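**Q** make a model of this:
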Amino acid sequence: RVITEFSTTSNVSMLLEVIRYKKMQHLKSSPSPLERERAKLEMDRITRCWSLRFNKLTEETVILFDFLTLEALVLNQSEMKDHWLKFIQIAISQSYFSIAQSVSGYLKNSIDEHFLNELKILDCDLLWAQGKKSEAIIELTKLGEVSDRSLHQQIELSLIGYLLNQEQLEEAYNHLQNIPKNDIILDIKYSILWTRVNALLFQSTNNQKYLLESFKSMLKNISRIESNPLTLALQVLSILFRKGNHEIYQIFSEKVDSIPVGCWIEAIPQIIARLSSPVDELRVLLVDLIYKIGVEHPHAVLYPLLVPFKSDNIERRTIASSLFDRLRLMFQKIVDGVVLLADELMRVAVSWLEIAQTQMDKASRAYVNGNDVDEMIKHLLPLQEIVKKVPETFYEVSFLSQFGQHLQTAINWLDIYKQTKDDRAIHQIWQHL
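**A** Have a look, this model is predicted:
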């Protein structure tokens, strides 16, 4: 709410800096080398301060325009090039089309050819924002034919973005193949577009070639995009899970070692959920990936692995146990501590009394309602495990002292029934329970 007042105060302060800058310009012509050097240093300091301040300003067209108007009192258009270009981009994004067009026309009168071509690219963006999409594509294509090499890549990338928006996939694909990649920033942008174009072409044609190219590009980009690798990691995993085949698995196996394991940490739950995949090749890849992450970040892996480690699913539990055993060779104290913590948490969460009551309730329902003796026995077997355990807490000692003898007698009758199939044994079981 106070941004307008703050901006006005800031402009007054900047006006004082403009006055000082002009004084330094005069001082720069001094016959004294010391004064000339001091003036140059002060002018550089002021321009650096303005640049930092401009980049930190809120992106409101009116506020930025006031700032640039003051800056233009002492700096020429070439010195302010980056600021003007950013201002025009923001004005276009905020639909201040007339201001963007006026500033662009003003700048074209006194700038070099390279700056002029950059302004023409923004003019195409302006046409696009105004809904003149076909005209923007035509103008940008013409500009690409006459621009110097340093701008050619930028123009091509912008043109490809336009073509993708218009769903002209083949044209975008052809343009991407012709881009020379000699700049790391542009190379990353190229790779992102290459991934997207190939993914869209695969969706429209179902040609496996495009899927493989897109997948390779995703794996290449994961380690190079610092801001949010999770998005790409999830896309890679989605292809592995949904469209995986031998070629996909082979590419992943070859490239995964070149990707920092930290890129996969936030996707660990999704990877662990697929550890019991029925596809052997995929299961091996995922188990190896979890192990590699665990070697560098054991805590990030061990706690999510507790879910399958304590699962009722035998296959999931076996895979998790094997990973715990492999990691225990390197981090014995950590692994043992995590397992102990899990056991204690489960002990606190569910007491022996609650387990016994739950299992007896399920067994009675199976026998009384369904007359299913096998199902009844299945639910009573956990009681046998409880009786065999050594009590470690006061509540466990108390439970066994009150119910241990009855449970043991019932279990003995359960064993008798398994051997004889005598219905009288069942009545004895429930009499002691």
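
**Q** which helix or which strand is home to Ile160?
**A** According to DSSP states H and E, Ile160 maps onto helix 149-165.

**Q** kindly report the same for Asp374.
**A** Counting by DSSP H and E, Asp374 is part of helix 373-388.

**Q** how far out from the middle of the chain is the helix holding Ile160?
**A** 26 Å (Cα atoms, centre = their mean, to the nearest Å).

**Q** need the next SSE after the helix holding Asp374, C-terminal direction.
**A** Next in line after helix 373-388, if elements are assigned by DSSP H and E, sits helix 394-420.

**Q** what packs against the helix or strand following that next one?
**A** Counting by DSSP H and E, the element after helix 394-420 in chain order, helix or strand, is helix 423-432. For helix 423-432, the elements it packs on are helix 352-368, helix 373-388, helix 394-420, judged by 3 or more Cβ pairs under 8 Å, 6 or more residues apart in numbering; DSSP states H and E. Every C-beta, even on glycine, is put in place using the N, C-alpha and C of the backbone.

**Q** low-confidence bits of the stretch 151-300 of the chain, can you list those?
**A** Where the stretch 151-300 of the chain drops to pLDDT under 70, the residues are 179-187, 226-227.

**Q** count the residues that sit near Asp343.
**A** With neighbours defined by other Cβ atoms under 10 Å, the count for Asp343 comes to 13.

**Q** buried residues, whichever helix or strand it is part of. List them.
**A** Using DSSP H and E, Asp343 maps to helix 332-349. Within helix 332-349, the residues that qualify as buried by neighbour count (16 or more other Cβ atoms under 10 Å) are 335, 338-339, 342.

**Q** now do stretch 375-386
**A** Buried residues in stretch 375-386, counted by 16+ other Cβ under 10 Å: 376-377, 379-380, 382-383, 386.

**Q** likewise stretch 156-173?
**A** By neighbour count on 16+ other Cβ under 10 Å, the buried set for stretch 156-173 is 156-164, 169, 171-173.

**Q** please apply the same query to stretch 120-137.
**A** Within stretch 120-137, the residues that qualify as buried are 120-129, 136-137, counting by 16+ other Cβ under 10 Å.

**Q** in the stretch 101-250 of the chain, which spans are helices?
**A** Along the stretch 101-250 of the chain, counting by DSSP state H, counting those that start in this stretch, helices occupy 113-129, 133-146, 149-165, 169-177, 184-205, 208-222, 229-243, 246-255.

**Q** redo those as JSON lines? Include distance to Ser401.
**A** JSON lines is the format used below for those (distance: least, Cβ to Cβ, whole Å):
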{"stretch": "helix 113-129", "distance to Ser401": "80"}
{"stretch": "helix 133-146", "distance to Ser401": "82"}
{"stretch": "helix 149-165", "distance to Ser401": "74"}
{"stretch": "helix 169-177", "distance to Ser401": "75"}
{"stretch": "helix 184-205", "distance to Ser401": "65"}
{"stretch": "helix 208-222", "distance to Ser401": "58"}
{"stretch": "helix 229-243", "distance to Ser401": "51"}
{"stretch": "helix 246-255", "distance to Ser401": "57"}
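
**Q** of all the ones you listed, which one is nearest Gly294?
**A** Among the helices of the stretch 101-250 of the chain, helix 229-243 comes nearest to Gly294, with 16.6 Å by Cβ to Cβ.

**Q** would you list the phi and psi of Asp312?
**A** With angles defined as degrees, to the nearest 10, Asp312 sits at phi -80, psi -20.

**Q** do you know how far it is from Pro382?
**A** Separation of Asp312 from Pro382 (Cβ to Cβ, to the nearest Å) stands at 11 Å.

**Q** hmm, back to that, give me the mean pLDDT for the helix holding Asp374.
**A** For helix 373-388, the mean pLDDT works out to 84.

**Q** tell me what that helix is packed against?
**A** helix 352-368, helix 394-420, helix 423-432.

**Q** pretty sure Leu159 is touching Lys142, no?
**A** No - Leu159 is beyond contact range of Lys142, at 10.6 Å (criterion: Cβ atoms under 8 Å).
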